[in-house]
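*Asks:* sequence unknown, structure follows:
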């Protein structure tokens with residue numbers, strides 16, 4: 001016969017809240033979009049897909065994490081909609097199209113303001129007439145998420161270059177400045193959209209390749225209000241193109257860069273940092289398709305020195321990211337899978353098949369964040 005203390009312990013255990021599932025407790029969640037219209041939730045710890053979110057609308061183009069890390073914002077390709085997803089419930093909470101009548105608003109870049117109430121973006125309006133299309137020059141847009149519409153527009157400066165399909169944008173912590181990263185770094189006042197500052201960078205070796213690629217602003221280990229990445233610029237003496245590691249302070253409007261060496265690659269992907277910010281990883285691509293060399297590069301961040309590199313089989317088109325704990329590298333895009341590499345050895349760990357072709361960038365949740373882990377898991 002059981003003793004009274006044991007019986008009480010069993011009763012209390014039965015009435016106590018259920019503990020978190022083992023698979024939820026150690027998760028490191030990543031979000032990315034896949035064809036035809038779903039968000040894939042990938043667990044970096046288990047190296048497998050744990051859930052999907054069906055949008056039931058259109059193909060997602062790129063994803064943005066809200067300032068409070070509780071929501072995802074995304075835009076869609078065909079209907080040019082802005083969709084908000086609650087990460088706790090893993091369900092869309094709002095969706096509205098930017099189009100009106102015969103006018104299509106093609107978004108080239110979006111970023112949230114610090115309050116999470118607005119999205120700042122760069123877009124082109126395409127108007128369908130009876131026998132032709134009229135394409136407007138790029139313009140800034142401000143989207144009110146609660147109202148579900150564009151509340152302000154401003155034409156992009158005609159004397160500034162706006163090449164490239166996408167625009168990497170970031171708003172300063174006080175919401176007063178809008179940064180655009182591309183061939184150069186342009187800083188705009190968010191009230192008038194006048195240029196406040198311009199930081200000139202060297203043109204990349206390959207025509208049509210920007211200095212900074214998409215996904216620049218999604219590093220969960222970056223310091224608040226800072227952007228650290230690899231840049232190309234000309235040295236002040238013989239004007240040769242070199243690359244360096246630079247840091248932009250969004251609040252102080254300052255840019256500090258340390259030269260690393262001559263440019264040996266036609267393209268350097270954005271830098272990703274480990275949680276202690278002592279090591280940074282990127283991918284260097286040299287040569288044209290059919291005769292390319294793709295390498296993982298690891299930098300010692302305090303000394304800004306290249307400490308390790310290794311060649312790997314790169315796809316014709318791909319993106320690169322790092323797990324929140326800094327232990328795994330992900331190669332994805334232009335395909336139905338994610339290649340997982342060990343960040344220390346650069347050895348391939350696994351190849352995870354996804355439910356559809358990847359159509360967006362990857363959002364890596366901060367390691368300490370548990371948002372989104374309460375949803376269901378796939379077997």
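*Replies:* Alright, I've got the coordinates. The shown structure was predicted, so the numbers you read here are calculated from the model rather than taken from an experiment.
*Asks:* And the strands in the stretch 201-350 of the chain, which stretches?
*Replies:* 226-234, 241-249, 254-262, 267-268, 272-273, 279-286, 293-300, 305-312, 319-322, 328-332, 337-342, 348-353 (DSSP state E, counting those that start in this stretch).
*Asks:* which helices and strands does the first one pack with?
*Replies:* Of the remaining helices and strands, those touching strand 226-234 by 3 or more CB pairs under 8 Å, 6 or more residues apart in numbering; DSSP states H and E are strand 241-249, strand 254-262. Where C-beta positions appear, they are placed from N, C-alpha and C, glycine not excepted.
*Asks:* Would you tell me which of those strands gets closest to residue 107?
*Replies:* strand 241-249 (23.1 Å; CB to CB).
*Asks:* neighbouring strands for the closest one, and are they parallel or not?
*Replies:* strand 226-234 (antiparallel), strand 254-262 (antiparallel) (DSSP bridges).
*Asks:* Out of those strands, which one sits most buried?
*Replies:* Ranked by mean neighbour count, the strands paired with strand 241-249 are led by strand 226-234 with a mean of 21 (mean count of other CB atoms under 10 Å).
*Asks:* Mind checking the pLDDT average for that strand?
*Replies:* The average pLDDT within strand 226-234 is 82.
*Asks:* ditto for stretch 268-278
*Replies:* The model assigns stretch 268-278 a mean pLDDT of 93.
*Asks:* Quick check: end-to-end length of it?
*Replies:* Taking CA to CA, to the nearest Å, stretch 268-278 runs 19 Å from one end to the other.
*Asks:* which stretches of this protein form helices?
*Replies:* 4-15, 22-25 (DSSP state H).
*Asks:* Let me see the mean pLDDT of the first one.
*Replies:* Computed over helix 4-15, the mean pLDDT rounds to 38.
*Asks:* for stretch 360-367, same thing?
*Replies:* 92.
*Asks:* Residues contacting that stretch, please?
*Replies:* For stretch 360-367, the external contacting residues (CB atoms under 8 Å, 6 or more residues apart in numbering) are 28-33, 44, 60-65, 69, 72, 74, 214-215, 218-221, 275, 319, 321-325, 330, 332, 371-372.
*Asks:* do the same with stretch 144-163
*Replies:* Counting by CB under 8 Å, 6+ apart, 73, 82, 84, 94, 96, 98, 105, 116-119, 122, 137-143, 182-184, 186, 192-193, 195, 198, 208, 210 sit against stretch 144-163.
*Asks:* now do stretch 253-263
*Replies:* 172, 177, 185, 187, 196-197, 199, 205, 230-233, 235, 240-249, 299, 304-306.
*Asks:* OK, contacts around residue 302?
*Replies:* residue 278.
*Asks:* now the one 3 residues further on
*Replies:* With contacts defined as CB under 8 Å, 6+ apart, residue 305 is in contact with 260, 299.
*Asks:* separation between it and residue 62?
*Replies:* The spacing between residue 305 and residue 62, counted by CB to CB, to the nearest Å, is 33 Å.
*Asks:* now swap in residue 250 and tell me
*Replies:* 20 Å.
*Asks:* So the two - more neighbours on which side?
*Replies:* residue 62 (22 against 19; other CB atoms under 10 Å).
*Asks:* Which pLDDT does the model give the closest residue to residue 124 other than its chain neighbours?
*Replies:* Nearest-residue entry for residue 124: residue 106, 4.8 Å, with adjacent residues in sequence omitted and distances by CB to CB, 6 or more residues apart in numbering. Residue 106 carries a pLDDT value of 92.
*Asks:* Surely residue 106 touches residue 121?
*Replies:* No: using CB atoms under 8 Å, residue 106 is not in contact with residue 121; the gap is 10.5 Å.
*Asks:* Comparing the two, which residue is more hemmed in?
*Replies:* Legend: neighbour count by other CB under 10 Å for residue 106 and residue 121, higher for residue 121 (25 against 19).
*Asks:* Can you select the buried ones from the contacts of stretch 253-263 in PyMOL?
*Replies:* In PyMOL, this line selects whichever of these come out buried by 16 or more other CB atoms under 10 Å:
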select buried, resi 172+177+185+187+196+199+230+231+232+233+242+243+244+245+246+247+248+299
